[in-house]
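[1] Need the 3D shape of this:
(2 chains)
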Amino acid sequence: MTPTVERGLDASVAVDLGGFRVEVALRVGAGETVALVGPNGAGKTTMLRALAGLVPLARGRVVVDGRVLDDVAAGVHVLAEEREVAVVFQDLLLFPHLSALDNVAYGLRSRKVGRVESRVAAATWLARVGLEGRGGARPAQLSGGEAQRVALARALVVEPRLLLLDEPLSALDASTRLATRHDLLRHLDEHDGARVLVTHDPIDAMALASRVVVLEGGRVVQEGTPAEITARPRSRYVADLVGVNLFHGRAGAGRVDVGAFPLVVPDAPEGDVVVVIHPRAVSLHLSSPEGTPRNVWKGTVESVEPAGDRARVRVAGLVPIVAEVTSAAVSELGLARGRAVWAAVKATEIAAFPE
Amino acid sequence: MTPRRRRPPVVALVLGAAGLALLVLPLAGLVGRAPWGAALDALREPAVATALRLSLECSLSATAIAVVLGVPLAWVLARTTFPGRRLVRAVVLVPLVLPPVVGGVALLLAFGRRGLVGQHLDAWFGIRLPFTTAGAALAEAFVAMPFLVVTAEAAFRNLDRRFEDAARTLGAGRWRVFRTVVLPLTRPSLVAGAVLAWARALGEFGATITFAGNTPGRTTTIPLEVYLLLESGRVDGAIVLSLVLLVVSVGVLVALRDRWLGGL
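    From the prediction side, this is the model:
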């Protein structure tokens, strides 16, 4: 049993969406980030909107830091504007007619903080997210990464007791994404309230959250630490999406020691890191492959699980890893339990982030 | 085979040219007959100057009424659901298609001294609207407000409501959301609607003369003065005032060209 959460979020809610019911129980401690993952239409965003007070509950309770925000049975509903719940929206929704500074100051001004004081606090936050001197820019003049950081500052400046993030990195291109993810992690760590992150990207979930809740068809189908989820994906969707290879290791000089094998990861941050490798990024060969992949090691096929026109192949070896290959490759390479293979991963396909 | 560009049929060209002539010739006649040398003198004539001032007063008052009442109405139509909402929207559109003189008669029946509302206004407050400047402004507001409501409603409807959600999660109550998010984001449309309503009010004739009469200095606005001048054979004055209205109309068209001609 999870112990009763004194500080943080304790929610058990049902929301009706035109014949479709989303029903989720969620506990998030203060200072903890929980990722809500699931396919499109699973009810992730609806859940966030319910926690923010933007959609009415059909049933249930929402308590944040001991304050009851919703209790349908008792007829309690605290308006969105009166909750200390901030949201980083999927499309960010920066106010296009306000400067970056005024966007960040907006929440403080709403809470009757004086104009000058609000602007000073907003400028401080812009500097904290690395946007010193960009306060005068309109949202349209900001790059994707900058806009994302303004949205984060706008949400955090009001010191919310609960921070909700809806696909916070989805609008960014791959290169910005990596850097922004590192920054986001750092800022989330400094926030002392509870955090709920909605994402469809397993790497974002692994990188940013200490627990993952998988939502399918409006229900929680699996819940656990990233390691638990990746080790035993309980549904086809979870396997596809969250069933990534996850390692803990120590990084230094562009290498990460995971078990007995140093993986080459050029942009890995120094120190203790989590390494994520998508099964599709792992290729299997009968002889040592020529060419670019620098991360190549020998192993033995442990199991082959067919899934549609692809198969998940578990390989034991210096780095135990799961590869996802086509059914054609399975028969071509004669993949079966006990088969000796070479596993290869391109360095650029490996994501590493601080533990 | 490459498709060959065919010339448009001659019939279409001829009829089209005739149609264009129908629209352009009267305006050309107006501009051509204008007594350019005496234009300034005609504008300085006391009756004309009074009509100009009165028109400005009435049309601006009518625009103010349309904004103060029409924006909330548009918001309610765009943002709430209630039984009969479609009917209400239809009613709002009626003055757009109603012959203005009918509007004037209707106003008399409502706000006249024996009217539905008018008798109480008179008995309780001593307010009499017919044949007063306030009445002229009211008649103009009646015909002009739908332009504002239609434009504003579309603007409210097209605004991404998630901006309002974002503001609410940042602690903004309803009024602050409206003032700091909804109004600024819909301002271009609201201004366009107000300009449109003002232009319609400025040119209003039928409802005004029916409800407010044609008393120089009190209800004789520019269009009514044009009518008076023409009736009394002072064609030059009528032409000059007509040109004033034409210039305003073209000005509005230019100001709003991006909204109306943007697709061209």
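[2] rest of the way, CA atoms for contacts and neighbours
    OK.
[3] and stretch B:76-83 with chain A, contact?
    No. On the criterion Cα under 8 Å from any Cα of the partner chain, stretch B:76-83 is out of touch with chain A, staying 15.5 Å away.
[4] Please save the CA atoms from that stretch in CSV.
    Extracted C-alpha coordinates of stretch B:76-83, given in CSV (Å, rounded to 0.1, in the frame of the first residue of the first chain):
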residue,chain,number,x,y,z
VAL,B,76,-23.6,35.6,-24.6
LEU,B,77,-24.6,34.3,-28.1
ALA,B,78,-21.1,33.0,-28.7
ARG,B,79,-20.4,31.5,-25.3
THR,B,80,-23.6,30.2,-23.7
THR,B,81,-26.3,27.8,-24.6
PHE,B,82,-29.9,28.5,-23.7
PRO,B,83,-33.2,27.5,-25.1
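[5] Residues contacting that stretch, please?
    Outside of stretch B:76-83, the residues within contact range by Cα atoms under 8 Å, 6 or more residues apart in numbering or on different chains are B:85, B:89, B:153-154, B:156-157.
[6] Please apply the same query to stretch A:244-255.
    Against stretch A:244-255 from outside (Cα under 8 Å, 6+ apart): A:202, A:227, A:230, A:256-259, A:262-279, A:321-322, A:355.
[7] Check which residues of that stretch are buried.
    Of all the residues in stretch A:244-255, those buried under the rule 16 or more other Cα atoms under 10 Å in any protein chain shown are A:244-252, A:255.
[8] how far does that stretch sit from the chain's center?
    Here the centre of stretch A:244-255 is set off from its chain's centre by 18 Å, with Cα atoms, centre = their mean, to the nearest Å.
[9] Over to stretch A:12-19?
    24 Å.
[10] Would you check that residue A:181 makes contact with residue A:168?
    No. Applying Cα atoms under 8 Å as the test, residue A:181 and residue A:168 come out as separate, 9.1 Å apart.
[11] Give me the distance between residue A:25 and residue A:238.
    Distance, residue A:25 to residue A:238, by Cα to Cα, to the nearest Å: 19 Å.
[12] More neighbours: those two, which one.
    residue A:238 (23 against 15; other Cα atoms under 10 Å in any protein chain shown).
[13] What about residue 106, how many residues nearby?
    Picking chain A for this. With other Cα under 10 Å as criterion, residue A:106 counts 27.
[14] wrong one, I was asking about chain B
    Based on other Cα under 10 Å, the number of other residues close to residue B:106 is 16.
[15] And the residue in the stretch 1-150 of chain A that chain B sits nearest to, its phi and psi?
    Residue nearest to chain B within the stretch 1-150 of chain A: residue A:81 (3.9 Å; Cα to the nearest Cα). Main-chain torsions, residue A:81, degrees, to the nearest 10: phi -70, psi -10.
[16] if I pick it, what's in contact with it?
    So residue A:81 contacts B:167-173 (Cα under 8 Å, 6+ apart).
[17] quick one: which of the residues you listed has the most company?
    Going by other Cα under 10 Å, residue B:170 tops the contacts of residue A:81 with 31 neighbours.
[18] That one contacts residue A:104, doesn't it?
    No. With contact defined as Cα under 8 Å, residue B:170 and residue A:104 do not form a contacting pair (9.8 Å).
[19] Perfect, that will be all.
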